[in-house]
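Asker: This is a predicted model, with the sequence first.
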Amino acid sequence: FNKTVFIVNPIGSTSTTYKVFYRVPIAVQYFRWLTNVITKWDWGTSTKIAVNRPAFSVISQRIPLTMTLNFAGLLVYLPFGFAFGIIAALKKDKFIDNIMQVFIMVFLSIPSLVLLLTLIIIFSYKLNWLPSLFPLIGIESPEQIAKGYVIPVLAMALPSIASLTRLLRAELSEVLTSEFVLLAKTKGLTHRQSVIRHAIRNSLVPMVPIIIGTFASLLSGSFIMERVYAIPGVGTITLNALRQNNYDYNALMSANAFYGIISLIAVLIVDLSYGLVDPRIRMG
């Protein structure tokens, strides 16, 4: 910060104004910023991204788009990941399972950025089905905006689907050979009933933290996708605030707080969901 000092010229009546700059330690700056956030909900003012605008308002305008994008990826990832994982476990070592293994190996090996660029080349430039950049919200039609979600959602969801399929296949295959499933069949339950009532539910216990935690990883993975696909979300603001000689610390701190809060909420949901899946934990 700076302080204005007035020095009177001893010869004449005019005065000279100097600005003296003081270097404040980073720790002191951080605790002042944190105090303002807690007591006044003052996140500071943007200095580069949107000059003289509150940093939190700049970030809050981009949060709905980022959250919509990631929830769309989650809604695609969960049903397909569960369906493919269950099918692969029930058809283990058969033709369908072998196809699933190829699918898993391919999409786990391709980085999300490479997959995004590949989808853009195929669906935008070769087939001309989808836009190559995210449509302008408020200018283009809702149909074009809906098409703009397809490529980034697929780029986020496909590797996650492959990961969930692999993990669920391994867990469910192990549970299907366990003694309590065999006991359920000897008591008169059909194979379908024993799988749905016992095997799938027990295989979900180690899967819960992976499923919920994937949302946080999807959120962090959307950083580069927002930049490459020109999505005006929180990730784009964060990367713009990190540009060399264009640092916007208040906007950057607000964006980091947003991602941190989402991660903490995801961890809390993981802890609470254990009791819903496993009655033994709820009783304890």
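Answerer: Here it is on my side, so go on.
Asker: ok, so what distance separates residue 271 from residue 209?
Answerer: 9 Å (C-beta to C-beta, to the nearest Å). To be clear about C-beta, it is placed using only N, CA and C from the backbone, and glycine gets the same treatment.
Asker: Could you check which of the two has the larger neighbour count?
Answerer: Legend: neighbour count by other C-beta atoms under 10 Å for residue 271 and residue 209, higher for residue 209 (16 against 12).
Asker: quick one, strands of the chain?
Answerer: For the chain, the strands defined by DSSP state E cover 2-8, 15-21.
Asker: among these, which gets the worst mean confidence?
Answerer: Per-segment mean pLDDT for the strands of the chain reaches its minimum on strand 2-8, at a mean of 47.
Asker: pLDDT weak spots in the stretch 101-250 of the chain?
Answerer: Applying pLDDT under 70 to the stretch 101-250 of the chain flags residues 138, 212-213, 215-221, 244.
Asker: 90 instead, please
Answerer: Along the stretch 101-250 of the chain, segments meeting pLDDT under 90 span 101-120, 122-250.
Asker: Next, work out how far apart the nearest residue to residue 118 once chain neighbours are set aside and residue 84 are.
Answerer: Residue nearest to residue 118 in three dimensions, not counting chain neighbours: residue 110, with 7.6 Å by C-beta to C-beta, 6 or more residues apart in numbering. Residue 110 is 17 Å from residue 84, where distance means C-beta to C-beta.
Asker: Kindly report the same for residue 276.
Answerer: From residue 276 to residue 84 the distance is 23 Å (C-beta to C-beta).
Asker: ditto for residue 243
Answerer: Per C-beta to C-beta, residue 243 is found 40 Å from residue 84.
Asker: Over to residue 198?
Answerer: From residue 198 to residue 84 the distance is 21 Å (C-beta to C-beta).
Asker: In terms of neighbours, single out the busier of those two.
Answerer: Counted by other C-beta under 10 Å, residue 198 and residue 84 do not tie: residue 84 has more neighbours, with 22 against 19.
Asker: The more buried one against residue 158, yeah?
Answerer: No - taking C-beta atoms under 8 Å as the definition, residue 84 is not a contact partner of residue 158, at 11.2 Å.
Asker: Residue 109: neighbour count?
Answerer: 10.
Asker: if I pick residue 200, what's in contact with it?
Answerer: Neighbouring residues of residue 200 by C-beta atoms under 8 Å, 6 or more residues apart in numbering: 86, 172.
Asker: ok, now which ones touch residue 181?
Answerer: 175, 194-195, 198-199.
Asker: Can you give the contact residues for stretch 69-87?
Answerer: 96-97, 100, 103, 149, 152-154, 156-157, 160-161, 163-169, 172, 200, 211, 214-215, 218-219, 222, 226, 231, 233.
Asker: Please flag which of these sit within helices.
Answerer: The helices, defined by DSSP state H, take in 96-97, 100, 103, 149, 152-154, 156-157, 160-161, 163-169, 172, 200, 211, 214-215, 218-219, 222, 226 from the contacts of stretch 69-87.
Asker: Now the buried members of the residues you listed.
Answerer: Buried subset of the ones in helices among the contacts of stretch 69-87 (neighbour count, 16 or more other C-beta atoms under 10 Å): 97, 100, 103, 149, 152-154, 156-157, 160-161, 163-169, 172, 200, 211, 214-215, 218-219, 222, 226.
Asker: before we move on, back to that, farthest-apart pair in the contacts of residue 181, please.
Answerer: 175 and 194 (10.1 Å; C-beta to C-beta).
Asker: what about the helices in the chain?
Answerer: With helices called from DSSP H, the chain shows them at 26-40, 55-60, 63-90, 95-109, 112-119, 142-176, 179-186, 191-194, 200-203, 208-228, 234-241, 249-277, 279-283.
Asker: ok, now which ones touch the closest residue to residue 81 other than its chain neighbours?
Answerer: Here the nearest residue to residue 81 in space, its sequence neighbours aside, is residue 164; by C-beta to C-beta, 6+ apart that works out to 3.1 Å. Shown in contact with residue 164 (C-beta under 8 Å, 6+ apart): 77-78, 81-82, 84-85, 207, 210-211, 214.
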